[in-house]
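Q: Predicted model follows, preceded by the sequence.
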Amino acid sequence: MAKAQAKTVETTQSVSDFVKTIADQQRQVDCFTLIDLMQAQSGFEPKLWGTAIIGFGSYHYKYDSGREGDAPLVSFSPRKAEFALYIANFDGKPELLQAFGKHKTAKACVYIKSVSDIDTDVLKKLVDGSIKHYQKK
């Protein structure tokens, strides 16, 4: 039986070209702000994963089921209603989120409407925590 292929894989598509397809100008500005912050904090170039995830760095995972693949160390997706920030669950994350600003959470996702709603210094710490968490694995 063939192994299932991961749907979200790193592509060679231009991140900048992708961001420019977003109709709302403020959301484009927020995208570029998140890209600049995550690139500076992580030290990795932004890459487009799948059709709509902007990721930084990568790590290899392997589940007990045998399924394996690669995923970004930290990433985000500019969804229509909000930004989904993909940040690992690590020790100290809940405390950081208390000082983060206006957001919602679900599993490893943190949802924000706008960069102006959050404390970017806290986001830098969240990016650091996510990267360290995955690099330990």
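A: In hand now; what should we look at?
Q: Spatially, what comes nearest to Val74 if we skip its sequence neighbours?
A: Ser130 (4.5 Å; CB to CB, 6 or more residues apart in numbering). Placement of C-beta: from N, CA and C, glycine included.
Q: quick one, what contacts that neighbour?
A: Leu73, Val74, Tyr86, Ile87, Ala88, Phe90 (CB atoms under 8 Å, 6 or more residues apart in numbering).
Q: What about these, which are in strands?
A: Val74, Tyr86 (DSSP state E).
Q: Secondary structure element holding the residue nearest to Val74?
A: Secondary structure from DSSP states H and E places Ser130 in helix 120-136.
Q: my read: Glu82 touches Tyr111, true?
A: Yes: counting by CB atoms under 8 Å, Glu82 does reach Tyr111; the two are 4.7 Å apart.
Q: Enumerate every residue touching Ser75.
A: Listed by CB under 8 Å, 6+ apart, the contact partners of Ser75 are Met38, Trp49, Ile53, Ile54, Gly55, Phe56, Leu85, Tyr86.
Q: so can I have JSON lines of those residues showing secondary structure?
A: Listed next are these as JSON lines, based on DSSP: H, G, I helix; E, B strand; the rest coil:
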{"residue": "Met38", "secondary structure": "helix"}
{"residue": "Trp49", "secondary structure": "strand"}
{"residue": "Ile53", "secondary structure": "strand"}
{"residue": "Ile54", "secondary structure": "strand"}
{"residue": "Gly55", "secondary structure": "strand"}
{"residue": "Phe56", "secondary structure": "strand"}
{"residue": "Leu85", "secondary structure": "strand"}
{"residue": "Tyr86", "secondary structure": "strand"}
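Q: now the chain, which segments are flagged as low pLDDT?
A: 1-7 (pLDDT under 70).
Q: center of it, which residue is that?
A: Nearest to the mean C-alpha position of the chain, by CA atoms, centre = their mean, lies Ser75 at 1.5 Å.
Q: what about that residue, distance to Ser65?
A: 23 Å (CB to CB, to the nearest Å).
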